[in-house]
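> Could you work out the structure for the sequence below:
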Amino acid sequence: MPRYTEEQIARANETDLVSFLRARGEKLKRSGKEYRWMKHDSLTVDHNEWYRFSGSKGGHPIDFLMEFYNMSFPEAVKSLINESPGEDKQEVKKMEQEDAGSHEGCPIPSEKAKLQLPKVYENNERVREYLTKERKISEKIIDQMFAEGKIYEDAVKHNVIFIGCDPKGTVRYAGIRGTKEKYRGDAPGSEKAYGFSHTGTDDTLFVFEAPIDLLSFLSATGDGWETHHYISLGGVSEKALMQYLADHKNIRKIFLCLDNDTAGNAACEKLAEKIPDDKMVMRLRPVKKDWNECLTAGIDRKDMAEEIPLKKKQVQEENPIPVIKMSDVEEKVVQWLWYPFIPFGKVTLIQGNPGKGKTWLAMALCAYCTAGRELPNALPIEPFNVFYQTAEDGVGDTIKPRLAKCGADMTRVRFINEEEKQLSMTDERIEKAIRQNNVRLMIMDPIQAYLGANVDMNRANEIRPLFRNLSNIAERTGCAIVLIGHLNKASGVQSDYRTLGSVDIAAAVRSILFVEKVEKEKSQDIRVVYQQKDSLAKKENPVAFSLSDDGLVWMGEYDISIDDLLAGNTGTKKETKLEKAKKLILELLGKRKMMCLEELEAELQAYEISARTGRDARKDLENQLIYGWYQSRKTISLKKDS
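Numbering: from 1, shown residues only. This next block holds a predicted model:
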């Protein structure tokens, strides 16, 4: 079977890829002296060579067609020179003239060879002696390279082996340098894109032709060299440099330290043109042919090279990134709607299983905010407007009747009309409506109804922006935003992980309240509000309420753990401040018979009972109390039959 001759293959690989691709209708974009193939923007073409940075792979036209057009080797050659195997008459004549029989041409190449690393010798003594004695390289640096596995001694010929790795630490290259003979080459299967190198921590890269030059430069530099980056090209090809820049985006300054000869100087000019314009490029030209000659000659580091600017960094004017000094931040005190459960200007989550009282709690909040109705341990508050957005319960048959039973002011309870467009957490109407209606509490029930149509509540990357936006709205307006959510069904896990959806939901809010029914309490209906997360205040005791046909009735504080609550176990009802105040009033008046009213209020305050709670207690006890005057001071005492 005829095969393509070496001459045909050589002509195929000399094809100008730019012209070839344009003839096929492919789009190319000029980038310096090279072209980028728009179909694969990480691939560059320069005459008859190509290189793909994303895959660290390159070659010539035949390889290109096999790689990107899925052609076989013969198909690629034929497409490039439009000849059949053996058609070149000059080659045929040459073959006939050869004495050693027929010339079969070049066979179809096999797949890319794997890296064949030379076998490691039991010690590195010959390499150490060669590098330190003959090459005068620092023994300290050589020991470090041995320890890092970047240099070792070949077990067969005792050559120096210089290792090059990719960013993951995989060995991709092995350079060979003879210790007895002047041999220099690469191990079979080596990839030139990954040369012998050292990765530093700053933004400066030094580029050399050979590892010996790199190590010579480090030896002359002395301590402190580790912070910079260093790469050996294994010659003058740009592949290793371009790959290193692709893998290390932070590099900003590049020093080209190639040999001071015709090839090295020309290569520096060529490399400078290929390096992106956002880098500063300097030429460090050694005063002798290379850096090892400078080192062995005993030249001081500061006198070893001439520094020549090749390319100034072209900095585009950037808009300054807004930065705020902490010293300019005004300290603020957290304001509370219901201490310590619901803060103003933050997002709070109320969650629980269906039918346990979450919505009733939300109604009680509305009643407190709009009409000053009871809320355990809450301070008096001036009535204000609230938003109640719901997607589960009917507004007319469920929400409004419950609000009425809780005593809310219906003129102050409002909601954004969603008939034309459903509301979501990113909807700009939220902040506008809050400001226009002077709303200080917004309730959204349930969470999942307001995430948006294409948001997966289990994906953290989709949840975070929504809650960041909602938190910013709360912060800017001072409105308390309360979200109602369900628990997931994962029984037996920590309460922290019972939130439905991504754990980022729980992380984003400042307070989390669980509402659950005490299932094992058979004598009465008890629902408990337990604060699971309290980022802004000290956690207080849970509070309880009961539900009946008349609505919600607060029962006061209730002692129970979150695990017992979620398991349905019973707790212990605690004495409320109101109950404590009434008990204390009766005890004080029973002992002192008569007290000045201001004296009684002072006693109550000493027991951390507010003036409002004291007034409420006296109102509840009004049938047992009698008021009078003594020396222009109002007095209080118990009725004789009390």
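> Tell me the helix or strand right after the helix or strand of the chain with the lowest mean pLDDT.
Lowest on mean pLDDT, DSSP states H and E among the helices and strands of the chain sits helix 89-97, with a mean of 42. For helix 89-97, the following helix or strand on the C-terminal side (DSSP states H and E) is helix 125-129.
> Would you mark the buried spots in that next one?
The neighbour-count check on helix 125-129 (16 or more other CB atoms under 10 Å) flags 126-128 as buried. For glycine as for every other residue, the C-beta is placed from the backbone atoms N, C-alpha and C.
> Show me which of those is closest to A581.
R128 (88.1 Å; CB to CB).
> pLDDT at the closest one, what is it?
Looking at R128, its pLDDT stands at 94.
> how's this protein carved up into domains?
Using automatic domain parsing, the domain ranges for the chain come out as 6-97, 125-311, 336-573, 577-638.
> export those domains to TSV and tack on distance to S327?
Converted to TSV, the domains of the chain look like this (distance: least, CB to CB, whole Å):
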stretch	distance to S327
domain 6-97	45
domain 125-311	29
domain 336-573	20
domain 577-638	37
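> middle-most residue in the chain, spatially?
Geometric centre of the chain, nearest residue: N461, 9.0 Å, by CA atoms, centre = their mean.
> who's in contact with it?
Applying CB atoms under 8 Å, 6 or more residues apart in numbering to N461 gives no contacts.
> Wait, a strand at it?
No. Counting by DSSP: H, G, I helix; E, B strand; the rest coil, N461 falls outside a strand, being helix.
> From F467, how far out is it?
Distance, N461 to F467, by CB to CB, to the nearest Å: 12 Å.
> Repeat that for I399.
I399 sits 25 Å away from F467, going by CB to CB.
> Just the helices from the stretch 401-550 of the chain, written as ranges.
Counting by DSSP state H, counting those that start in this stretch, the stretch 401-550 of the chain has helices at residues 429-436, 460-477, 503-508.
> buried set for the first one?
Same thing as helix 429-436. 430-431, 433-434.
> Please apply the same query to the second one.
Buried residues in helix 460-477, counted by 16+ other CB under 10 Å: 462-463, 466-467, 469-471, 473-474, 477.
> Compute the inter-axis angle for that helix and helix 429-436.
Relative orientation of helix 460-477 and helix 429-436, computed by axes from the mean of the first three to the mean of the last three CA atoms, to 10 degrees: 10 degrees.
> any chance of the helices of the stretch 401-550 of the chain in JSON lines, with mean pLDDT and distance to E191 too?
Shown next, in JSON lines, are the helices of the stretch 401-550 of the chain (pLDDT from 0 to 100; distance: least, CB to CB, whole Å):
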{"stretch": "helix 429-436", "mean pLDDT": "96", "distance to E191": "55"}
{"stretch": "helix 460-477", "mean pLDDT": "90", "distance to E191": "35"}
{"stretch": "helix 503-508", "mean pLDDT": "81", "distance to E191": "41"}
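> between the ones you listed, which gets nearest to G357?
helix 503-508 (20.2 Å).
> Now do the closest one: which elements does it pack against?
Counting contacts by 3 or more CB pairs under 8 Å, 6 or more residues apart in numbering; DSSP states H and E, helix 503-508 is packed against strand 347-352, helix 460-477.
> can you tell which of the ones you listed is closest to I562?
Minimum separation from I562 across these (CB to CB) falls at strand 347-352, 11.6 Å.
> which residues touch the closest one?
Applying CB under 8 Å, 6+ apart, the contact partners of strand 347-352 are 341-342, 358, 361-362, 447, 467, 470-471, 474, 480-487, 498-500, 505-506, 508-516, 533.
> If we use 7 Å, what do you get?
Applying CB atoms under 7 Å, 6 or more residues apart in numbering, the contact partners of strand 347-352 are 342, 358, 361-362, 467, 470-471, 474, 480-487, 499, 508-516.
> and that strand, how far out from the chain's middle?
Relative to its chain's centre, strand 347-352 lies at 26 Å (CA atoms, centre = their mean, to the nearest Å).
> got it, and stretch 602-616?
Remark: stretch 602-616 is offset 51 Å from the chain centroid, using CA atoms, centre = their mean.
> residues of it that come out buried?
Buried, per 16+ other CB under 10 Å, within stretch 602-616: 603-604, 609-610, 613-614, 616.
> Now secondary structure too, for those residues, in CSV please.
Output for these, formatted as CSV (three-state DSSP):
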residue, secondary structure
E603, helix
L604, helix
I609, coil
S610, coil
T613, helix
G614, helix
D616, helix
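> The residues you listed into TSV, with extra columns for pLDDT and distance to M280?
Shown next, in TSV, are the buried residues of stretch 602-616 (pLDDT from 0 to 100; distance: CB to CB, whole Å):
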residue	pLDDT	distance to M280
E603	87	78
L604	88	76
I609	84	73
S610	83	69
T613	85	72
G614	87	76
D616	85	76
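> from these, which is closest to A404?
Distance to A404, by CB to CB, is smallest for D616 among the buried residues of stretch 602-616, at 22.8 Å.
> Grab the nearest non-local neighbour of the closest one.
Closest residue to D616 in three dimensions, ignoring its sequence neighbours and counting by CB to CB, 6 or more residues apart in numbering: L578, at 5.8 Å.
> buried ones in the helix or strand the one you found falls within?
Assigned by DSSP H and E, L578 belongs to helix 577-592. Under the neighbour-count criterion of 16+ other CB under 10 Å, helix 577-592 has 577-582, 584-586, 588-589 buried.
> Any idea how many residues pack against N623?
N623 is flanked by 8 other residues according to other CB atoms under 10 Å.
> now swap in I560 and tell me
21.
> and if you look at N82?
As a burial measure, N82 scores 9 neighbours (other CB under 10 Å).
> Distance check, it against V18.
To V18, N82 is 18 Å away according to CB to CB.
> before we move on, what about E420?
Counting by CB to CB, the gap from E420 to V18 is 56 Å.
> Can you pull out the low-pLDDT segments for the protein?
Residue ranges of the chain with pLDDT under 70: 1-2, 54-56, 86-113, 313-318, 488-502, 568, 570-574, 642.
> what residues does stretch 387-407 touch?
Residues from elsewhere that reach stretch 387-407 (CB under 7 Å, 6+ apart): 359-360, 363-364, 366-367, 371, 373, 410, 413-416, 423, 439, 442-446, 449, 550-552.
> Closest one to R184 out of the buried residues of stretch 602-616, please.
Closest to R184 out of these is S610 (89.1 Å), distances taken as CB to CB.
> which residues are in contact with stretch 512-530?
Identification of contacts with stretch 512-530 by CB under 7 Å, 6+ apart yields 341, 348-353, 356-358, 361, 495, 506, 531-533, 542-548, 555, 558, 560, 562, 565-566, 568-571.
> Now do the buried residues in it.
Residues of stretch 512-530 classed as buried: 512-518, 521, 525-530 (neighbour count, 16+ other CB under 10 Å).
> Closest one to Y152 out of the residues you listed, please.
Distances from Y152 to the buried residues of stretch 512-530, taken by CB to CB, are shortest for I512, at 58.0 Å.
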